[in-house]
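In: Just the structure for this:
(one chain, ligands or ions: 1)
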Amino acid sequence: MNINYETIILEISDGVATITLNRPRALNALNAQLFGEFDQALGEVTANPEARVLIVTGSGGKAFAAGGDIVFMQPLTSLQAREFVMSIRDTMLKLENLPIPTIAAINGMTLGGGNELAMGFDLRIAEEQAVFGQPEINLGIIPGAGGTQRLPRLVGMTRAKELVFLGETINAQEAYRIGLVNLVVPTGTALEKAGEIAKKLIAKSAVALKIAKSSMNVGIQLDIGSALTYEAECFSGLFATEDQKEGMLAFMEKRKPAYKNR
Ligand code: CO8
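Out: Now for the predicted structure:
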């Protein structure tokens, strides 16, 4: 596939798919075109067996993404707004359930829809100058791309309500403290760090990673009994893979496993 994107850049090399949000003059504000292209790129990544990890970052050196595009949204009718967020809902679910690990390399302002996008990734690495927030309340609206749902699930209702109600920003260290990001790194190094983590992930069994992600993503939405049953199904299913046999045999033979990802 060779799709010509205008608002994002997609590169796939050495097992890593990298999507760069590319509207630097608008601080990578997210409009329908960008989300549409992002959705298409997710399809491309899923269809490409070479892509073992997805990384996303922002262009321009200032922002990861400064939110939904306010200029685009201002004149929308209620119906158009619904259409917009429902299509984003689908893209975010596609992202969240991508069968490979995903990493947000957060290299600047991550606000509103930008933070909502980041929350759809499995891991978040923040540069120390990054700021985070859900400032929608200051525009007379609320987060509409999953923020009122994913934020409490990630950091707890107490912190989530504070962020959504007050609309104030927090710095990267505070984002780390409340569990919004996995790691804080020096300015200019998030992408490099994400690449290092991706390399470690590529050395693991892709099938085990896929099932681990599914076990957690599905299980967290179920009651504990059903979730444990789902985990048991995921766990036992892996015993039908070559990678499980190889992983355990390699341990017994005191060598590194050579996974075939099946
Ligand atoms: N939408 C559209 N344009 C934007 C946005 C945005 N969210 N953020 C920045 N820009 C534009 C500015 O208008 C400006 O354009 P221009 O040069 O043409 O005037 C350019 O980017 C540079 O921005 P600033 O000059 O303002 O840069 P500063 O460094 O002075 O300020 C800030 C940076 C603090 C980030 C400031 O731009 C700001 O407050 N931006 C808005 C942040 C915000 O409120 N975000 C939430 C938006 S609402 C939302 O995300 C809800 C979405 C719900 C569903 C959709 C999800 C995709």
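
In: Nearest residue to the middle of this protein?
Out: Phe121 (1.5 Å; CA atoms, centre = their mean).

In: Just give the nearest non-adjacent residue to it, would you?
Out: Ala104 (4.0 Å; CB to CB, 6 or more residues apart in numbering). Quick note: C-beta positions are derived from backbone N, CA and C, even for glycine.

In: Mind checking what secondary structure the one you found has?
Out: strand (DSSP: H, G, I helix; E, B strand; the rest coil).

In: Just to check, it is in contact with Arg124?
Out: Yes: assessed by CB atoms under 8 Å, Ala104 is found in contact with Arg124 at 4.7 Å.

In: which residues do the two both contact?
Out: Ala118 (CB atoms under 8 Å, 6 or more residues apart in numbering).

In: give me the number of residues near the nearest residue to Gly67 once chain neighbours are set aside?
Out: What sits nearest to Gly67 in space, not counting adjacent residues and going by CB to CB, 6+ apart, is Gly112, at 2.9 Å. Gly112 has 28 neighbours, counted by other CB atoms under 10 Å.

In: could you list every residue that touches Gly112?
Out: 66-68, 133-136, 143, 147.

In: could you redo those as CSV and give each row pLDDT, distance to Arg82 and secondary structure?
Out: Formatted as CSV, those follow (pLDDT from 0 to 100; distance: CB to CB, whole Å; DSSP: H, G, I helix; E, B strand; the rest coil):
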residue, pLDDT, distance to Arg82, secondary structure
Ala66, 97, 23, coil
Gly67, 96, 18, coil
Gly68, 94, 14, strand
Gly133, 98, 24, strand
Gln134, 98, 20, coil
Pro135, 98, 21, helix
Glu136, 98, 16, helix
Pro143, 98, 15, coil
Gly147, 98, 16, helix
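
In: can you redo these as JSON lines with distance to Glu44 and neighbour count?
Out: What follows is the contacts of Gly112, written out as JSON lines (distance: CB to CB, whole Å; neighbours: other CB atoms under 10 Å):
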{"residue": "Ala66", "distance to Glu44": "25", "neighbour count": "23"}
{"residue": "Gly67", "distance to Glu44": "25", "neighbour count": "28"}
{"residue": "Gly68", "distance to Glu44": "23", "neighbour count": "28"}
{"residue": "Gly133", "distance to Glu44": "31", "neighbour count": "21"}
{"residue": "Gln134", "distance to Glu44": "30", "neighbour count": "27"}
{"residue": "Pro135", "distance to Glu44": "32", "neighbour count": "19"}
{"residue": "Glu136", "distance to Glu44": "30", "neighbour count": "23"}
{"residue": "Pro143", "distance to Glu44": "28", "neighbour count": "25"}
{"residue": "Gly147", "distance to Glu44": "26", "neighbour count": "21"}
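
In: Go back to these and keep what's next to the ligand.
Out: 66-68, 135-136, 143 (CB under 6 Å from any ligand atom).
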